[in-house]
Each structure stands twice: as structure tokens, then as C-alpha cells.
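K.L.:
structure for this input, please:
(one chain, ligands or ions: 2)
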Amino acid sequence: MIVAIDGPAASGKGTLARRLAAHYGLPHLDSGLLYRAVAHHVAARGGDLHDPEAATQAARALDAATLGDPALRGRHAGEGASIVSAHPGVRAALLDFQRSFAATPPGAVIDGRDIGTVICPDAEVKIFVTASAEERARRRASELAGRGEPVDQAAILEDIRRRDERDTTRAVAPLKAADDAVTLDTTNLDAEAAFRAALAIVEGNPKRRRTA
Ligand SMILES: Nc1ncnc2c1ncn2[C@@H]1O[C@H](COP(=O)(O)OP(=O)(O)O)[C@@H](O)[C@H]1O
Ligand SMILES: Nc1ccn([C@@H]2O[C@H](COP(=O)(O)OP(=O)(O)O)[C@@H](O)[C@H]2O)c(=O)n1
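P.N.:
Ligands and ions are numbered 1, 2, ... in the order given. Okay, the predicted model is just below:
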């Protein structure tokens, strides 16, 4: 079974994807980490994130073994990721890795921006997770504070709005719900309630193939 989870920054995609993956015994891929790693790689070499050549080269050379680097989870990597992810060459270079991850039995839970629309258009289950920008900024602020990063809630809200704008308006693979995705608004749901709602979506999905 392939479960595609898309949505804007800090909507709770990763949290849901990890729990669904554990529940169904499927591997999980946080596709945002790929773009974060590309941005990190370019910046670490003093490159320009807006330069499509530098970013595409970094994407082609990406080593999946580096995806565990905690630096990738920080605010700067997220901002950088939204810049490099708009280059078509970067997206093309990361496509095969994501598709083969999904195609390897028994399937996968993948979260990102274009999983249901571009990477896995035939996924059995597609969930578009969303929440208000204010609630997402609150969640991201407490996550960063928990990791000891400096927190300025207003700046985080601004980051989130800027990222939403960039991700939804770019020419290639913009952030949007697939036509056959179910939208899950978690603004007023805690992580447990969001997980239960997501489970109900998976279980109620007629396209889901039983794999266990
Ligand atoms: N439904 C929820 N209610 C409150 N906090 C949540 C919820 N879902 C996730 N979180 C928290 O919000 C932060 C961002 O969640 P995450 O899953 O990383 O989002 P995304 O992958 O969409 O960026 C994390 O600290 C996570 O624990
Ligand atoms: N499938 C994906 C995943 C992420 N991204 C980009 O990478 C950035 C970081 O994604 P992320 O999922 O790690 O970010 P958060 O939602 O966790 O803040 C996003 O703002 C997108 O620009 C993308 O373009 N396509």
C-alpha cells in the first residue's frame, strides 16, 4: 500500500506519516528532508540557492545516508529547501529515488508537497493535511524551542506564510491537494485525534489493497 500525505509546513504531515507507517508496518519517507539536504549541501559550499545549476548538481549527488543530520530539521534548512525545490532540475533529480522507495514492496508512507499529485499519482490513499497558518506557527515554535533553537513566533509565522506562497505558486509541482485526496484540517485536532481521523480515512478508502 502507498499512502501519500501532502500539506503545508508544520501541518503535522510527518507526525501522521510516522504513526501511519508504524501502524501498518510500512517504511516512511519524509521527502522534505531531500530538499533540505540539497539546500544544506549548496549552502555548506558557499553556493547560491537561487542558482539552478548548483542546486541541481547537489541534488544529483545527494547521499541518502546523510538524511539523519539534525541540521536538516532547522529553520534555515526549511527556508533553503523551499528555494531549491522550485528548480525543475532539482525535482527531476530526486524523482527516481522517491518513486523507487514507493515501489518497493510492501509500499510506503511518504509525506511532502507533491506526493499525491506527481510522485505517486496512483497511491491507494492520499491525505492532504492542513491547519491554519497561526496554529502551524505555534506548533513549529514549540518544536524549535524544544530543540533549543531561538524562537520568534512572529518571524516563524512570516516564514510559514512565505513558504506557503512559494510552494503554492511555483511552476513545477506546486503544493496542492490531488483531486482524489481527502483533506484533513487539524487546526482543532491534537496529534492523537489527527491520527485517528487519518486511520479512518485509510480504512474507509475503497482503493486500499490489504497487504497484511
Ligand atoms: N495535530 C497536532 N496538534 C498539535 N501539534 C501537532 C499536531 N501534529 C503535529 N504536531 C506537532 O507540530 C510540529 C510539526 O509537526 P510535523 O509533523 O513535523 O509537521 P510537518 O511534517 O507537516 O512539517 C511537531 O512538533 C509535532 O509534534
Ligand atoms: N515533496 C516535497 C517536500 C518538500 N518540498 C519543499 O521542501 C520544503 C521543506 O519541506 P518540509 O516538508 O521538510 O517542511 P516542513 O513542512 O516540515 O516545514 C518545502 O517548503 C517545499 O518547498 C517540496 O517541494 N516537495
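K.L.:
okay, CA-based contacts and neighbour counts for the rest of this
P.N.:
Will do.
K.L.:
enumerate the residues of this protein near ligand 2.
P.N.:
Taking Cα under 6 Å from any ligand atom as the measure of proximity, the chain contacts ligand 2 at 8-10, 31-33, 35, 78, 81-82, 85, 112-115, 163, 167.
K.L.:
can you name the residues in contact with stretch 123-140?
P.N.:
1-13, 116, 153, 156-157, 160-161, 177-178, 180-187, 198, 201-202, 205, 207-209 (Cα atoms under 8 Å, 6 or more residues apart in numbering).
K.L.:
average pLDDT for that stretch?
P.N.:
Mean per-residue pLDDT for stretch 123-140: 97.
K.L.:
ok, now stretch 99-113?
P.N.:
So the average pLDDT for stretch 99-113 ends up being 97.
K.L.:
give me the neighbour count for residue 103.
P.N.:
14 (other Cα atoms under 10 Å).
K.L.:
ok, residue 181 to residue 87 distance?
P.N.:
According to Cα to Cα, to the nearest Å, residue 181 and residue 87 sit 25 Å apart.
K.L.:
same question, residue 112
P.N.:
16 Å.
K.L.:
what's the answer for residue 200, then?
P.N.:
Computed as Cα to Cα, the residue 200 to residue 87 distance reads 36 Å.
K.L.:
which of those two has more neighbours?
P.N.:
residue 87 (20 against 11).
K.L.:
so what pLDDT did that one get?
P.N.:
What the model reports for residue 87 is a pLDDT of 97.
K.L.:
ok, it to ligand 1 distance?
P.N.:
Separation of residue 87 from ligand 1 (Cα to the nearest ligand atom, to the nearest Å) stands at 21 Å.
K.L.:
so that residue is in contact with residue 52, correct?
P.N.:
Yes - using Cα atoms under 8 Å, residue 87 is in contact with residue 52, at 5.8 Å.
K.L.:
where along the chain do the helices fall?
P.N.:
All helices of the chain, identified by DSSP state H, fall at 13-24, 32-44, 52-60, 75-84, 88-103, 133-146, 153-169, 191-203.
K.L.:
buried deepest among the ones you listed, which one?
P.N.:
Among the helices of the chain, ranked by average contacts under mean count of other Cα atoms under 10 Å, first place goes to helix 32-44 (a mean of 23).
K.L.:
and that one, what does it pack onto?
P.N.:
Contacts defined by 3 or more Cα pairs under 8 Å, 6 or more residues apart in numbering; DSSP states H and E place helix 32-44 against helix 52-60, helix 75-84.
K.L.:
can you list the ones you listed in JSON lines and add mean pLDDT?
P.N.:
As requested, these are exported to JSON lines (pLDDT from 0 to 100):
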{"stretch": "helix 52-60", "mean pLDDT": "97"}
{"stretch": "helix 75-84", "mean pLDDT": "92"}
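K.L.:
out of those, which is closest to ligand 1?
P.N.:
Closest to ligand 1 of these, according to Cα to the nearest ligand atom: helix 75-84, at 9.3 Å.
K.L.:
for residue 187, the count of nearby residues, please.
P.N.:
Counted with other Cα under 10 Å, residue 187 comes out at 17.
K.L.:
report pLDDT for it.
P.N.:
98.
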